[in-house]
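In: task: produce atomic coordinates for the following.
(3 chains)
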Amino acid sequence: MPVARPESSDARVVAHIDMDCFYVQVEQRKLPELRGLPTAVVQYNSWKGGGLIAVSYEARKYGVKRSMRGDEAKQVCPQIQLVQVPVARGKADLNLYRNAGSEVVSILARKGRCERASIDEVYLDLTDAAETMLAETPPESMEAIDEEALKSHILGLNVDVSDVKENVREWLCRNDADHRDKLLACGALIVAELRMQVLKETEFSCSAGIAHNKMLAKLASAMNKPAQQTVVPFSSVKALLEPLPIKKMKQLGGKLGSSLQSDLGVNTVGDLLQFSEEQLQERYGINTGTWLWNTARGISGEEVEGRLLPKSHGSGKTFPGPRALRTIASVQHWLNELCEELSERLLSDLDQNKRIAHTLTLHARAYKSSDSDSHKKFPSKSCPLRYGTAKIQEDALILFQAGLRDYLGSHRVNTQGSQHNGWGITALSVSASKIVSTPSGTCSIMKYFHGQNTSCSLSKQSPDRFIQDTTPLSPSGSESHSGLNLIEPQIEFPREETRTKYAVPTLDQQEQKRNDQGTCSIRKFFHDQGPSFSSSKRGQDGFTQENSPLSPLVIHSGSGNCLRPTQTEPQREFLREEPGIKCAISSLERQNQKRNTSKEKGTSSILRFFQSQNPSCSSGKQQHDETVQDTKAPSSSGFQSISDSCSEWNQVEPWKESLVESTSSSGRSGLGHDEQRRETWSYKIDEIDPTVIDELPPEIQKEVHAWLRPNKRPNIAKRGSSIAHYFLPTKNT
DNA sequence: ACGGGTGTCACG
DNA sequence: TCGTGACAC
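Out: Here you go, the predicted structure:
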């Protein structure tokens, strides 16, 4: 529901930049012979020629529309060029367009606060730039006005004149104009320049709206497309809105807009003016009511957020009707594919932007063919996000199973058989959210992952972190082996193809510089982490196991209230982690000084890193990050110290608890709680690879050795003694 | 059985 | 907090 925000009294200059049929342009840049031809981008073409997701203006002349099928488009425009969206892992891969969008953003962000509104839309707050221009080089003082600016459309300006451009020039340069108009004129000049810059550097054309707020700027950018810009002077707002069909307004294109029409008889924005704020509030609630009242008057206080990067990443796919997934095995297969893509994108984000996501969410759509409440929605589920493809895959599967349990309810369903059980999954998606930028690159990134490994994570991760990833899913049907590629390749980093011709500029130049200076790129770090990050053959094994597919977790009731997954092969996971630790340590050292003899010199920094959790390394940089990031995001304080996190050791991880409840049917470990814990504990200790310890700085070695002797191990509750956190397998209490 | 795949926001 | 629903492109 839309919410009203107070509008500041001072006039702002806001621009909305909208790329013209963006996906088409991206493809035309790749294949220049398509330029000027009626072209559309389709995804998946086997069914009715695929669905159109972008249509060139040449093709629109023939009546080709988005959401047509490829076949349909061919009918109305036989010569249309259909280009397919790239496919990876059996699904549409939009990275090409995402990266192209980033190119644009990095150019537009040069002139003011910039908000990436979608893959091909950006808002700019140009107030400061416009004020500055007005003070220093006002348009009337300029000897020549940009040709592009002269092509602006100025709403309310008389166009029935012999020389429109001259008219525009006069408007832009009017000395006696309202201050607000002068600001918009400056905005128009700036935007024209930016658009030319975008064209020059990316070959992409775009359209723009320039107004006093986001709502009007967005409205204006759509008014003259492609490759044009439109200015909305304050004085023409009323005339613009009054006749405008209500559904054209952002946020009113759906049910709310329909309700206004059918319930209030409001067909145009002007019709809304008859209703008092109270009336609107009465019907639609305080927030929406006020928002509607303001909207009708062109009032919108929404700020342009300084955010160049997305707040979440998702990967999903639909499985319409007959293609619905009917077995756990096929769901697992697709989840693995989706998680692989997600993981890859998370690593890119980490590498390029130094950001870490904290929540993994699974969404699905499902049907139950033979059931009373077959309209029930498949519940989405989320949990703390652990980095590493295999871990994401594992967690996503657990989330799915929990969701399926809820979805099916008491309704008994045999999920193991290959026969049709009456349920089907018609859409699956995984997404990563709660993304925060790390205050200072590698240092804090290392902190995070160390915490993650030892369960002292920032996001209250599972206490039994290290023994996860070991319980494969059981086979749940014969379908799984036919044609499913269950053996995954080594980790694949984002395709380089997208960068071959046009470098994707980083969105945060300073961040990038630091990154370049870093000796061990994050990506390398993960690569070095070994199998747990680079493969997930677990899925393959899974099909040969006999466990219940719905029971990867086992409840340990009794004292401690501790939940843990069944631990079938504890050593495997642990061994996987070690190279990662090795790399983490050495990369940290490398970062802190040029060295050939790391051990001594690295010590102080590592100890400092381990012991003092005050985010000292974030100073100075923080400010910059904040301007780029969502300003409301937790910054340094968002990085809870490891010791703080450890104060939560006595808590059960809530996400697993709730999930376990619904998946606990398949039994429990034969071991008592303490028994199992001890076994796990000693196993871990025994499995620590001495060569890793040898690589550690002497102080830390000492600590580890002490810790390895069970009777003498340091008190893990001691805050500063954080090497323990490093290796500590679990937070059992 | 299809606009798909993503993304943001507000609410309870 | 999480999960849902709405909206947008």
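In: domain parsing for chain A?
Out: A:1-17+A:90-308, A:313-727 (automatic domain parsing).
In: lowest mean pLDDT across the ones you listed, which one is that?
Out: When the domains of chain A are compared on mean pLDDT, domain A:313-727 scores lowest, with a mean of 50.
In: is stretch A:82-98 anywhere near DNA strand C?
Out: No. Under the criterion of C-beta under 7 Å from any atom of the strand, DNA strand C is not reached by stretch A:82-98; the shortest gap measures 10.3 Å. To be clear about C-beta, it is placed using only N, CA and C from the backbone, and glycine gets the same treatment.
In: return the set of buried residues in that stretch.
Out: By 16 or more other C-beta atoms under 10 Å, the buried positions in stretch A:82-98 come out as A:82-83, A:85-86, A:89, A:91-98.
In: now do stretch A:172-182
Out: Within stretch A:172-182, judged by 16+ other C-beta under 10 Å, the buried ones are A:172-173, A:177, A:180-182.
In: tell me the two of those residues that are most distant?
Out: Based on C-beta to C-beta, the longest span within the buried residues of stretch A:172-182 runs between A:173 and A:180 and measures 15.6 Å.
In: take the buried residues of stretch A:82-98 and write them to a markdown table, including distance to residue A:404 and secondary structure.
Out: Below are those laid out as a markdown table (distance: C-beta to C-beta, whole Å; DSSP: H, G, I helix; E, B strand; the rest coil):
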| residue | distance to residue A:404 | secondary structure |
| --- | --- | --- |
| A:82 | 37 | strand |
| A:83 | 37 | strand |
| A:85 | 30 | coil |
| A:86 | 31 | coil |
| A:89 | 22 | coil |
| A:91 | 21 | strand |
| A:92 | 25 | strand |
| A:93 | 27 | coil |
| A:94 | 28 | coil |
| A:95 | 30 | helix |
| A:96 | 34 | helix |
| A:97 | 32 | helix |
| A:98 | 31 | helix |
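In: tell me the two of the residues you listed that are most distant?
Out: Going by C-beta to C-beta, the pair spanning these furthest: A:82 and A:89, at 22.2 Å.
In: quick one: the strand or helix carrying residue A:290 near DNA strand C?
Out: Here residue A:290 sits within helix A:286-296, counting by DSSP states H and E. No. Using C-beta under 7 Å from any atom of the strand, helix A:286-296 stays clear of DNA strand C, coming no nearer than 9.8 Å.
In: in that helix, what counts as buried?
Out: Going by 16+ other C-beta under 10 Å, helix A:286-296 has these buried residues: A:288-296.
In: rewinding a little: so which of the buried residues of stretch A:172-182 belong to helices?
Out: If you go by DSSP state H, the buried residues of stretch A:172-182 have A:172-173, A:180-182 in helices.
In: picking that back up, check which helices and strands the helix holding residue A:290 sits against.
Out: For helix A:286-296, the packing partners by 3 or more C-beta pairs under 8 Å, 6 or more residues apart in numbering; DSSP states H and E come out as helix A:269-272, helix A:277-284.
In: next, the angle helix A:277-284 makes with it.
Out: 130 degrees (axes from the mean of the first three to the mean of the last three C-alpha atoms, to 10 degrees).
In: strand partners (parallel or antiparallel) of the next helix or strand after helix A:286-296?
Out: On the C-terminal side of helix A:286-296, the nearest following helix or strand under DSSP H and E is strand A:313-318. According to DSSP bridges, strand A:313-318 forms sheet pairs with strand A:423-437 (antiparallel).
In: would you mind writing the CA trace of the partner strand as PDB?
Out: Backbone C-alpha positions of strand A:423-437 (Å, rounded to 0.1, in the frame of the first residue of the first chain) are rendered in PDB as follows:
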ATOM      1  CA  TRP A 423       1.000 -32.200  -5.400                       C
ATOM      2  CA  GLY A 424       3.000 -30.300  -7.900                       C
ATOM      3  CA  ILE A 425       5.300 -27.300  -7.800                       C
ATOM      4  CA  THR A 426       4.700 -24.800 -10.500                       C
ATOM      5  CA  ALA A 427       7.200 -22.200  -9.500                       C
ATOM      6  CA  LEU A 428      10.400 -22.200  -7.400                       C
ATOM      7  CA  SER A 429      12.600 -19.400  -6.400                       C
ATOM      8  CA  VAL A 430      15.400 -18.700  -4.000                       C
ATOM      9  CA  SER A 431      16.400 -15.200  -2.900                       C
ATOM     10  CA  ALA A 432      19.000 -13.600  -0.800                       C
ATOM     11  CA  SER A 433      18.200 -10.500   1.200                       C
ATOM     12  CA  LYS A 434      19.300  -8.400   4.100                       C
ATOM     13  CA  ILE A 435      22.400  -7.500   2.200                       C
ATOM     14  CA  VAL A 436      24.700  -5.200   4.100                       C
ATOM     15  CA  SER A 437      27.900  -3.800   2.900                       C
END
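In: what about the strands in the stretch 1-150 of chain A?
Out: A:14-19, A:39-43, A:51-55, A:81-84, A:87-88, A:91-92, A:113-118, A:121-125 (DSSP state E, counting those that start in this stretch).
In: of those strands, flag the one that's most buried.
Out: Neighbour counts (mean count of other C-beta atoms under 10 Å) averaged over each of the strands of the stretch 1-150 of chain A peak at strand A:14-19, with a mean of 28.
In: cool, thanks, talk later.
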